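Peer 1: Any chance you could fold what I've pasted below:
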Amino acid sequence: MDFEPQKINLEQARSLADQGVLLGEYEISNEDYHEGPGYSNSDLKLINKTPAHLKLKQFKITEALAVGAATHALIEGGLVFAEKFHQSEWKTRNSQKFRDEAAEMREIGKTLVTPNEGNKAHAAYSAIKSNHRIFRILSGGVKERAIYWVDERTGILCKVKLDTRYQSAIIELKTCEDAGPIKFRGQVYNYEYFQQGGFYRMGCIAAAKLGINVSPNLVPYRRRMKFKIIAIEKGVNLPAMYDVGERTLKAGEGSAHKALRRLRECLDTNKWPGYPQIWQPLDMDEWAFKKLTPEIIEGSPDEVPDISNPWSED
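Peer 2: Predicted coordinates:
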């Protein structure tokens with residue numbers, strides 16, 4: 001039987017981090033996790049753009065985050081969903097009434113979702129439940145665990161929050177426009193899922209090496225951790241299952257280490273540069289030129305005809 005991690009809130013997470021003991025597995029809400037100490041894969045994705053993107057970030061619950069967490073709660077059971085979530089009557093997160101209600105819900109440990117988010121979560125849950133294999137894996141796994149560790153190379157406090165851990169696999173739920181392998185393969189790069197997989201595995205391995213405040217079931221797996229994705233195609237809610245390859249995960253670990261080194265430099269120098277402030281050459285991609293006719297690509301003729309009197313016979 002898996003162990004029960006300590007439940008912490010934002011204030012407790014900060015206190016543990018100040019003491020240098022925020023290490024291992026914890027149960028913490030999405031809001032407190034993202035606003036709390038430690039650097040996540042989302043932070044590394046920002047610094048991959050520029051350090052300024054990370055410095056200027058403002059956390060907010062996105063629809064994807066809310067739907068994903070609500071779907072996991074539904075998988076755990078209706079009582080768990082009712083304990084962790086509340087569906088608002090207000091349709092948009094940007095409305096003041098929604099924000100006020102969200103603050104009230106957070107005080108009692110609940111996350112507020114819009115009607116649309118709630119409907120999407122229930123649709124995803126129905127798709128998962130109709131697939132007995134997927135439902136067995138997700139319902140039998142450990143869900144929404146946060147893992148904290150200190151990166152050995154940079155000394156940076158890192159964190160991940162796993163959708164599901166099932167035996168030796170980290171399993172992530174993703175929604176997409178096309179869950180087929182040809183299109184989804186591109187999303188693994190475009191949305192940096194490869195880095196997410198590598199970074200999440202780094203966290204599990206670090207926690208297993210730590211061996212304290214961590215599930216004993218995690219320790220034996222160490223380097224055998226896999227990263228798998230269940231992609232649910234929007235509209236039809238059809239799921240596809242993908243086992244991310246070792247070569248891709250290695251590249252993800254390398255990308256995460258590069259981002260952490262850049263973050264270490266920024267923390268040490270307190271310099272967070274944005275885009276280069278110099279004129280950079282810019283041309284369209286080749287695919288764009290291929291969409292244009294040769295006449296358009298060649299541009300205007302060198303000699304411009306006199307069209308001041310278009311009716312002249314000369």
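Peer 1: For the residue nearest in space to the middle of the chain, list the residues it contacts.
Peer 2: The centre of the chain sits closest to residue 42, judged by Cα atoms, centre = their mean, with a distance of 5.8 Å. Residues near residue 42 by Cβ atoms under 8 Å, 6 or more residues apart in numbering: residue 34. All C-beta atoms are positioned from the backbone trio N, CA, C, and that covers glycine.
Peer 1: Can you check the pLDDT for it?
Peer 2: Looking at residue 42, its pLDDT stands at 95.
Peer 1: mind checking the SS state of it?
Peer 2: Classification of residue 42 using DSSP: H, G, I helix; E, B strand; the rest coil returns helix.
Peer 1: For residue 65, grab the count of nearby residues.
Peer 2: Close neighbours of residue 65, defined as other Cβ atoms under 10 Å, add up to 18.
Peer 1: Skipping adjacent residues, who's closest to it in space?
Peer 2: Distance criterion Cβ to Cβ, 6 or more residues apart in numbering; nearest residue to residue 65, sequence neighbours excluded, is residue 30 at 6.1 Å.
Peer 1: What of residue 122?
Peer 2: In space, residue 122 is closest to residue 74, 6.8 Å off (Cβ to Cβ, 6+ apart).
Peer 1: Which helix or which strand is home to that neighbour?
Peer 2: Per DSSP states H and E: residue 74 is located in helix 63-76.
Peer 1: ok, now residue 242?
Peer 2: strand 238-243.
Peer 1: so how far is that strand off the chain centroid?
Peer 2: Relative to the centre of its chain, strand 238-243 is centred 18 Å away, using Cα atoms, centre = their mean, to the nearest Å.
Peer 1: contact partners of that strand?
Peer 2: 127-128, 131, 134, 179-181, 184, 226, 228-233.
Peer 1: ditto for stretch 22-36
Peer 2: Counting by Cβ under 8 Å, 6+ apart, 5-10, 13-14, 16-17, 37-38, 40, 42, 59, 61, 65, 69, 106, 109, 111, 144-150, 157, 159, 161, 207, 210, 212-215, 218 sit against stretch 22-36.
Peer 1: now the helices: where do they sit in the stretch 1-150 of the chain?
Peer 2: With helices called from DSSP state H, counting those that start in this stretch, the stretch 1-150 of the chain shows them at 10-18, 30-35, 41-49, 51-55, 63-76, 78-84, 96-107, 115-130, 132-140.
Peer 1: just so I know, which of those lies nearest residue 188?
Peer 2: Proximity to residue 188 (Cβ to Cβ) singles out helix 41-49 among the helices of the stretch 1-150 of the chain, at 13.6 Å.
Peer 1: Can you check the pLDDT for the residue lying closest to residue 137 once chain neighbours are set aside?
Peer 2: Counting by Cβ to Cβ, 6+ apart, residue 166 is the residue found nearest to residue 137 once chain neighbours are left out, at 5.1 Å. Note on residue 166: pLDDT of 87.
Peer 1: Ok, the one 5 residues further on next?
Peer 2: Taken from the predicted model, the pLDDT recorded for residue 171 is 94.
Peer 1: same thing with residue 307?
Peer 2: With respect to pLDDT, residue 307 has a value of 59.
Peer 1: measure residue 274 to residue 51 for me?
Peer 2: With distances taken as Cβ to Cβ, to the nearest Å, residue 274 is found 8 Å from residue 51.
Peer 1: Comparing the two, which residue is more hemmed in?
Peer 2: More neighbours surround residue 51 than the other of residue 274 and residue 51, with 21 against 12 (other Cβ under 10 Å).
Peer 1: what's the helix or strand where residue 188 lies packed up against?
Peer 2: Assigned by DSSP H and E, residue 188 belongs to helix 181-190. In terms of contacts (3 or more Cβ pairs under 8 Å, 6 or more residues apart in numbering; DSSP states H and E), helix 181-190 is packed against strand 169-176, strand 238-243.
Peer 1: mind running it again at 10 Å?
Peer 2: strand 169-176, helix 193-210, strand 226-233, strand 238-243, helix 246-269 (3 or more Cβ pairs under 10 Å, 6 or more residues apart in numbering; DSSP states H and E).
Peer 1: Each with direction, which strands does the first one pair with?
Peer 2: Yep, that's strand 169-176 we're talking about. Strand pairing for strand 169-176, determined by DSSP bridges: strand 157-166 (antiparallel), strand 226-233 (parallel).
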